[in-house]
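>>> heads up, no residue letters with this:
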Ligand code: UDP
């Protein structure tokens with residue numbers, strides 16, 4: 001269930017091992033939230049559900065995606081507008097020197113930031129503690145506090161430190177947003193890549209089809225990449241998510257000169273503007289398409305994007321995990337099925353591991369676990 005990355009990779013792996021696979025998806029396209037399509041008016045490749053940049057340290061995953069798509073060199077370099085200026089992200093020596101109007105060298109900047117960081121915080125638990133310890137109050141206010149309040153709809157004192165740990169702080173001029181060994185973009189977008197993964201004689205894909213538990217009877221096993229709580233008809237309540245609204249607009253030429261411009265100020269209502277032709281720098285287009293991105297609480301009719309995973313959600317998650325573990329012949333996979341903030345490379349790695357677990361268990365008459373990972 002689900003023709004996104006998880007479903008496609010698991011399906012392909014098992015199809016190659018000789019299994020017959022049916023993949024259904026409620027949407028009218030494959031690819032889940034990685035879906036890309038060309039804008040009819042401008043020809044720009046759109047990341048329809050927001051930007052996806054492929055980056056990984058996992059050589060096997062990198063080889064896997066390169067088998068199904070031609071990857072073009074792409075480095076994510078993000079800027080942020082804050083307090084009336086444009087700065088470089090992730091926080092690096094340029095950001096620090098510009099913010100403080102200095103010309104510090106790496107060691108000077110390191111010592112300076114250590115002197116303004118709150119060293120009384122030993123083990124940061126919250127997002128705010130993590131920021132105050134590693135960058136101090138000024139940079140926290142300028143770049144993280146307002147953005148994070150908009151993105152998550154709560155105070156950074158309520159969020160786990162792990163969210164900020166996604167971002168490095170650098171004491172050199174490296175402004176590559178990611179620190180992984182491999183980074184790139186599929187030349188023709190993600191949807192053709194996922195189409196190629198699904199292109200196997202043992203795989204049938206049916207779109208615009210909702211799951212009905214009666215369907216499962218015809219199969220040995222179900223891999224569920226829809227929402228974990230959705231599988232149980234939200235019987236224990238709804239797990240919290242943030243959803244995104246995209247305000248699409250078209251302009252001539254170059255709107256902002258980069259692919260991603262964040263907005264750190266709390267009084268700018270959107271979190272960022274993405275300009276999609278800059279995600280494909282090898283293409284040329286006269287016109288340009290941008291998305292203004294707004295984040296808000298996800299309602300029942302909205303598309304879930306980011307799992308919130310705060311205290312309340314974690315308690316509910318534990319209850320759903322118990323329920324899932326009592327279910328037979330089903331495994332919950334992917335971002336929605338396991339309720340985690342997963343990057344694409346991790347999603348693919350876990351899908352490969354899940355398929356391997358299936359081949360080692362079910363094929364040998366052993367029940368397959370509901371989860372291949374520890375979710376709590
Ligand atoms: N973040 C921030 N300011 C920024 C960029 C990110 O405060 O300019 C915080 C924010 O809380 C965000 C988290 O860091 O959710 C992780 O950022 P990332 O860029 O990985 O978010 P994604 O692109 O996955 O939405």
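Looks like it came in fine. Values in this document were obtained by computation on a predicted structure and should not be read as measured data.

>>> what's around residue 123, how many residues?
8 (other CB atoms under 10 Å). (Each C-beta comes from the backbone N, C-alpha and C, glycine too.)

>>> ranges for the helices of the stretch 251-376 of the chain?
With DSSP state H, counting those that start in this stretch, the ranges of helices along the stretch 251-376 of the chain come out as 311-326, 334-338, 344-360.

>>> average model confidence for the shortest one?
Averaging the model's pLDDT scores along helix 334-338 yields 98.

>>> so what does that helix touch, helix or strand wise?
helix 5-16, helix 228-231, helix 344-360 (3 or more CB pairs under 8 Å, 6 or more residues apart in numbering; DSSP states H and E).

>>> Correct me if wrong: residue 248 contacts residue 293.
No: using CB atoms under 8 Å as the test, residue 248 is too far from residue 293 to be in contact (10.4 Å).

>>> Helix or strand: which one has the spatially closest residue to residue 50 that is not a sequence neighbour?
Distance criterion CB to CB, 6 or more residues apart in numbering; nearest residue to residue 50, sequence neighbours excluded, is residue 244 at 6.0 Å. Per DSSP states H and E: residue 244 is located in strand 241-252.

>>> Report the inter-axis angle for that strand versus helix 311-326.
Angle of strand 241-252 versus helix 311-326, following axes from the mean of the first three to the mean of the last three CA atoms, to 10 degrees, is 110 degrees.

>>> Direction included, what does strand 241-252 pair up with?
strand 287-297 (antiparallel), strand 306-307 (antiparallel) (DSSP bridges).

>>> Which among these is found nearest to the ligand?
Nearest to the ligand among the strands paired with strand 241-252 is strand 306-307; the distance by CB to the nearest ligand atom comes to 7.0 Å.

>>> mean confidence for that closest one?
94.

>>> what does stretch 242-251 give?
For stretch 242-251, mean pLDDT is 98.

>>> Pull out the buried residues from that stretch.
Neighbour counts over stretch 242-251 (16 or more other CB atoms under 10 Å) mark 242, 243, 244, 246 as buried.

>>> would TSV of these with distance to the ligand be doable?
As requested, these are arranged in TSV below (distance: CB to the nearest ligand atom, whole Å):
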residue	distance to the ligand
242	9
243	13
244	9
246	13
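
>>> of those residues, closest to residue 261?
Lowest distance from residue 261 to the buried residues of stretch 242-251 (CB to CB) belongs to residue 246, with 14.6 Å.

>>> Report the separation between the residue lying closest to the closest one once chain neighbours are set aside and residue 261.
Spatial nearest neighbour of residue 246, chain neighbours left out: residue 291 (4.2 Å); criterion: CB to CB, 6+ apart. Residue 291 is 11 Å from residue 261, where distance means CB to CB, to the nearest Å.

>>> okay, and the common contacts of the two?
Shared contacts of residue 291 and residue 261 (CB atoms under 8 Å, 6 or more residues apart in numbering): 273, 274.

>>> More neighbours: which of these two?
Neighbours were tallied for residue 291 and for residue 261 using other CB under 10 Å; the higher tally belongs to residue 291 (23 against 19).

>>> and the stretch 151-300 of the chain, which residues reach the ligand?
Proximity of the stretch 151-300 of the chain to the ligand, by CB under 6 Å from any ligand atom, involves residues 151, 163, 164, 166, 167, 262, 264.

>>> ok, now with 5 Å
Proximity of the stretch 151-300 of the chain to the ligand (CB under 5 Å from any ligand atom) is limited to residues 151, 163, 166, 262.

>>> again, but for the stretch 1-150 of the chain
80, 144, 147, 148.

>>> mind putting those in CSV, neighbour count and distance to residue 310 included?
CSV is the format used below for those (neighbours: other CB atoms under 10 Å; distance: CB to CB, whole Å):
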residue, neighbour count, distance to residue 310
80, 23, 25
144, 25, 17
147, 22, 18
148, 23, 13
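
>>> Which of those fall in helices?
Per DSSP state H, helices hold the following members of these: 147, 148.

>>> Farthest pair within the residues of the stretch 1-150 of the chain next to the ligand?
Greatest spatial distance in these: 80 and 148, 12.3 Å, computed using CB to CB.

>>> Just give me the lowest mean pLDDT stretch among the helices of the stretch 251-376 of the chain.
helix 311-326 (a mean of 94).

>>> Could you list the buried residues of it?
In helix 311-326, counting by 16+ other CB under 10 Å, buried: 313, 316, 317, 320, 321, 323, 324.

>>> Tell me who's in contact with the second one.
Looking back up the chat, that one is residue 316. 229, 236, 237, 239.
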